[in-house]
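Asker: Predicted model and sequence follow; I will ask about them next.
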Amino acid sequence: MQVTSEILERAIEQLAKLPGTGRKSAQRIAMHLLKQNDDYVFKLAQALVDLKKSIQHCSVCFNISDKDPCSICSNPKRHNGTICVVEETKDVYTIERTNEFQGRYHVLGGIISPLDNIGPDDIRVKELMDRVHDEDEKVEEVILALNPDAEGEATAYYLNKLLKHHEIKVTRIAYGIPMGTELEYIDEATLSRAFSSRNTF
Ligand SMILES: [Zn+2]
């Protein structure tokens with residue numbers, strides 16, 4: 001293939017590195033951007049630069065934020081004593097969309113995975129324990145909201161072992177049956193977990 005524009009080729013090459021984007025989609029996006037007006041493309045480019053340059057981690061919960069502490073940690077309406085532990089920032093966004101949780105978060109920044117050589121020291125376990133020990137935080141409950149897979153289980157087990165020596169409640173979100181799904185289509189592991197975390201009606 002003969003390349004007629006090195007600049008276009010460079011843009012395609014970078015776009016193709018985005019998750020879920022192959023060379024074909026990258027090509028389509030690059031062509032789409034070329035057709036847009038300058039204002040839009042410059043705004044997009046600036047947003048990407050700001051994303052990398054100006055965003056920081058909240059020093060309390062390690063959520064991604066424009067300011068420190070983040071808007072959740074600095075909101076006086078959020079319960080101080082409840083910490084919801086999640087693996088990544090995207091999980092904070094997912095839970096926030098439900099408007100169900102009014103406490104604060106702790107973003108581990110990873111998950112314990114012996115197969116990948118990721119241990120407790122590689123994620124923010126120490127920082128979580130510091131918060132539990134911090135008198136100002138008055139932590140009464142830690143909710144573990146980790147993914148229901150082998151790594152999530154191992155991490156939840158490890159954290160529960162550490163936390164149960166403190167006078168706080170350690171809970172886990174219930175894993176169950178997705179809304180709108182019929183029982184016959186549920187896999188056995190999900191169904192058995194749904195049974196074990198059943199609630200009183
Ligand atoms: Zn925060």
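Answerer: Received it, and whenever you're ready, just let me know what you need.

Asker: Could you check how far K138 is from I83?
Answerer: Distance, K138 to I83, by Cβ to Cβ, to the nearest Å: 11 Å. For the C-beta atoms, the positions are set from N, CA and C on the backbone; glycine is no exception.

Asker: ok, S197 touching T171?
Answerer: No. Counting by Cβ atoms under 8 Å, S197 stays clear of T171, with 10.4 Å between them.

Asker: returning to what we had before: K138 and I83 - which one has more neighbours?
Answerer: I83 (23 against 11; other Cβ atoms under 10 Å).

Asker: tell me which element the more buried one falls in.
Answerer: Assigned by DSSP states H and E, I83 belongs to strand 82-86.

Asker: now what about that strand, what contacts it?
Answerer: 92, 95, 101-108, 128, 131-132, 137, 139-146, 159 (Cβ atoms under 8 Å, 6 or more residues apart in numbering).

Asker: go again using 6 Å as the cut-off
Answerer: Residues outside strand 82-86 that contact it (Cβ atoms under 6 Å, 6 or more residues apart in numbering): 92, 101, 103-107, 139, 141-145.

Asker: Repeat that for stretch 178-193.
Answerer: Contacts of stretch 178-193 (Cβ under 6 Å, 6+ apart): Y175, I177.

Asker: what do you get for stretch 163-173?
Answerer: V132, V139, E140, E141, V142, I143, L144, A145, N160.

Asker: Let's see that with 10 Å instead.
Answerer: Contact with stretch 163-173 is made by 81-86, 95, 100-101, 128-129, 132-133, 138-146, 148, 152-153, 156, 159-162, 197, as judged by Cβ atoms under 10 Å, 6 or more residues apart in numbering.

Asker: Equivalent analysis for stretch 124-136, please.
Answerer: Under Cβ under 10 Å, 6+ apart, the answer for stretch 124-136 is 57, 59-62, 80, 83, 85, 104, 106-110, 112, 119-120, 137, 139, 142, 155, 158-159, 162-163, 166-168.

Asker: Return the distance of the strand holding I83 from the chain's centre.
Answerer: 12 Å (Cα atoms, centre = their mean, to the nearest Å).

Asker: So for the longest helix anywhere in the chain, mean pLDDT?
Answerer: Looking across the chain with DSSP state H, the single longest helix is helix 38-53. Averaged across helix 38-53, pLDDT comes to 94.

Asker: Check which element follows that helix along the chain.
Answerer: Next element after helix 38-53 (DSSP H and E): strand 56-57.

Asker: Any buried residues in stretch 191-201, and which?
Answerer: Burial within stretch 191-201, assessed by neighbour count using 16 or more other Cβ atoms under 10 Å, is assigned to R193.

Asker: how many other residues sit next to H166?
Answerer: Using other Cβ under 10 Å, H166 has 13 neighbouring residues.

Asker: what about it, which SS state?
Answerer: Of the three states, H166 takes coil under DSSP: H, G, I helix; E, B strand; the rest coil.
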